[in-house]
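Novice: Mind folding the following:
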Amino acid sequence: MRTHRAIDRARRNTRAAITAIGAIITGFALGCHANARADAPLNYFLHADGPAAAPTMRLGWALAALVIVVALIVSVLLVGAIVRRRPPPTERDASHVQGEGGGLHWVWIGTGVSSVALFATLAYVLVTLESVASPRTAPGLTIAVTAYDWWWKVDYRRAWQNDAGVTTANEIHIPVGEPVKIELRSADVIHAFWVPRLAGKTQTIPGVVNEQWIEADHAGVYRGQCSQFCGAQHAHMAFEVIAEPRAQFDAWYAAQAKPHSTDAADATATAGQRLFLDRCAGCHTVRGSEASGAQAPDLTHLNSRRLIAAGTLPNTASNQLDWIQHAQRIKPDSLMPSIALSASDAAALSDYLRTLQ
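Specialist: Next up is the predicted model:
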């Protein structure tokens, strides 16, 4: 009777174990499928578009394969142990203990294989780190990126030109096929700069300047993300890297270097400019105007950007006003306050913001 109960219990345990393993494998497969469709940032297992990303992707695949093999071996052994589980011994059996022998050599085999796998993994990690430590040619462009709660300040410094540089936010333009040096700082807490399809992640630490380099093999838009938990709006701290041919990059840079014209387009926009200087200039900068705040993104060429609020919203006129009036609903705990505006003030401010090309 006991034997039958033990067998039934073993079968139930086996079915439960198989169900759990199946659920894990199914979840992994669905996750891979979702990642394959996602634009970013978690599709790094499937795409690498830069020389700093390809070695990292191969390392990721190798580690994933190792984890899967180990998980399968452990699962098979676990299921086998459950299936072969013997019924509880009787008192007569318990008094007669006999070693079965033959088990120790499996311990040595497991220890040896695990040690080889661990050392091989360590060697592969070190080789990968060496391969992505520096680009093939010296970067001609340096970009200083400063992380804030919860947005990114981007300052351009061009080594081959004696200019004042360009400041923007949450959007990084780079020329295709050229390595770019990134200097990383933090203005508050620890963040992490990560563009999965172009390079690995690097932390931004208060008081420390870390360096990274990125290079894009193809023109396109690559999503980046803070990958170090940094507070309530960590998930809404994204940015974009836009890789474009050299001629397009130079044209973009020249346009960004120009200050905003102080001549508003019409009377409504002029009223909106006065409202902006009264309500927004303490935090935001618009070069070419009296607005020179340093606590929030530079808005000189706001409408040249694809997204606002650090990748949270598409950059449209309606979203700009929605962000101004309901920032704490869209991104709670951010430093951007929700500003109450009358209908006429909202229209005037919107008209002015649309002049920031």
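
Novice: show me what contacts residue 317?
Specialist: Applying Cβ atoms under 8 Å, 6 or more residues apart in numbering, we find residue 317 in contact with 350, 353, 354. Every residue, glycine included, has its C-beta placed from N, CA and C.

Novice: you'd agree the second one is up against residue 302?
Specialist: Going back to what we said before, that points to residue 353. Yes - counting by Cβ atoms under 8 Å, residue 353 touches residue 302, with 6.3 Å between them.

Novice: Quickly find the element holding the nearest residue to residue 54 once chain neighbours are set aside.
Specialist: Of all residues not flanking residue 54 in the chain, residue 48 sits nearest, at 4.2 Å (Cβ to Cβ, 6 or more residues apart in numbering). Secondary-structure element containing residue 48, defined by DSSP states H and E: none, the residue being outside all helices and strands.

Novice: Correct me if wrong: residue 48 contacts residue 195.
Specialist: No - Residue 48 is beyond contact range of residue 195, at 11.1 Å (criterion: Cβ under 8 Å).

Novice: The two - which one has more neighbours?
Specialist: Relative neighbour count places residue 195 above the other of residue 48 and residue 195, with 27 against 21, counting by other Cβ atoms under 10 Å.

Novice: Chain neighbours aside, what residue packs nearest to that one?
Specialist: If you skip the residues right next to it in sequence, residue 195 has residue 224 as its closest partner in space, 4.1 Å away by Cβ to Cβ, 6+ apart.

Novice: Can you report phi and psi for that neighbour?
Specialist: In this entry, residue 224 is assigned phi and psi values of phi -120, psi 170 (degrees, to the nearest 10).

Novice: Let me see the contact set for it.
Specialist: Contact analysis of residue 224 by Cβ under 8 Å, 6+ apart lists 40, 41, 172, 193, 194, 195, 238, 239, 240, 241.

Novice: Give me the pLDDT value at it.
Specialist: Predicted confidence (pLDDT) at residue 224: the value is 93.

Novice: Domain boundaries for the chain, per the record?
Specialist: Here the chain is described, according to automatic domain parsing, as comprising the domains 2-88+105-131, 141-257, 267-353.

Novice: among these, which is the most enclosed?
Specialist: Between these, domain 141-257 has the highest mean count of neighbours, a mean of 19, where neighbours are mean count of other Cβ atoms under 10 Å.

Novice: Low-confidence stretches in the stretch 1-150 of the chain?
Specialist: When the per-residue scores of the stretch 1-150 of the chain are filtered using pLDDT under 70, the ranges that remain are 1-45, 85-103.

Novice: where do the strands sit along it?
Specialist: 141-148 (DSSP state E, counting those that start in this stretch).

Novice: how about the CA coordinates for stretch 63-73, as PDB?
Specialist: Written as PDB, here are the backbone C-alpha positions of stretch 63-73 (Å, rounded to 0.1, in the frame of the first residue of the first chain):
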ATOM      1  CA  LEU A  63      26.100  32.800 -21.600                       C
ATOM      2  CA  ALA A  64      22.500  32.100 -22.500                       C
ATOM      3  CA  ALA A  65      23.400  28.800 -24.100                       C
ATOM      4  CA  LEU A  66      25.500  27.800 -21.000                       C
ATOM      5  CA  VAL A  67      22.600  28.700 -18.700                       C
ATOM      6  CA  ILE A  68      20.100  26.700 -20.800                       C
ATOM      7  CA  VAL A  69      22.300  23.600 -20.900                       C
ATOM      8  CA  VAL A  70      22.900  23.700 -17.200                       C
ATOM      9  CA  ALA A  71      19.200  24.200 -16.500                       C
ATOM     10  CA  LEU A  72      18.300  21.300 -18.700                       C
ATOM     11  CA  ILE A  73      20.800  19.000 -17.100                       C
END
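
Novice: Show me how far that stretch is from its chain's centre.
Specialist: Relative to its chain's centre, stretch 63-73 lies at 25 Å (Cα atoms, centre = their mean, to the nearest Å).

Novice: Packing partners of the helix or strand that contains residue 348?
Specialist: When secondary structure is defined using DSSP H and E, the element that contains residue 348 is helix 343-353. For helix 343-353, the helices and strands in contact under the criterion 3 or more Cβ pairs under 8 Å, 6 or more residues apart in numbering; DSSP states H and E are helix 267-279, helix 317-330.

Novice: Indicate which one of these is closest to residue 202.
Specialist: Between residue 202 and the helices and strands packed on helix 343-353, the tightest spacing by Cβ to Cβ is seen for helix 317-330, at 28.3 Å.

Novice: quick check: angle from that closest one to helix 267-279?
Specialist: 20 degrees (axes from the mean of the first three to the mean of the last three Cα atoms, to 10 degrees).

Novice: before we move on, back to that, report the angle between the helix holding residue 348 and helix 267-279.
Specialist: 90 degrees.

Novice: Surely residue 232 is in a helix?
Specialist: No - under the criterion used here (DSSP: H, G, I helix; E, B strand; the rest coil), residue 232 is coil, not part of a helix.

Novice: Leaving out sequence neighbours, find the closest residue to it.
Specialist: Leaving aside its chain neighbours, residue 232 sits nearest to residue 333 (4.3 Å; criterion: Cβ to Cβ, 6+ apart).

Novice: and the residue nearest to the spatial centre of the chain, what are its bridge partners?
Specialist: Geometric centre of the chain, nearest residue: residue 225, 2.9 Å, by Cα atoms, centre = their mean. Assessed by DSSP bridges, residue 225 has beta-bridge partners residue 194, residue 238.
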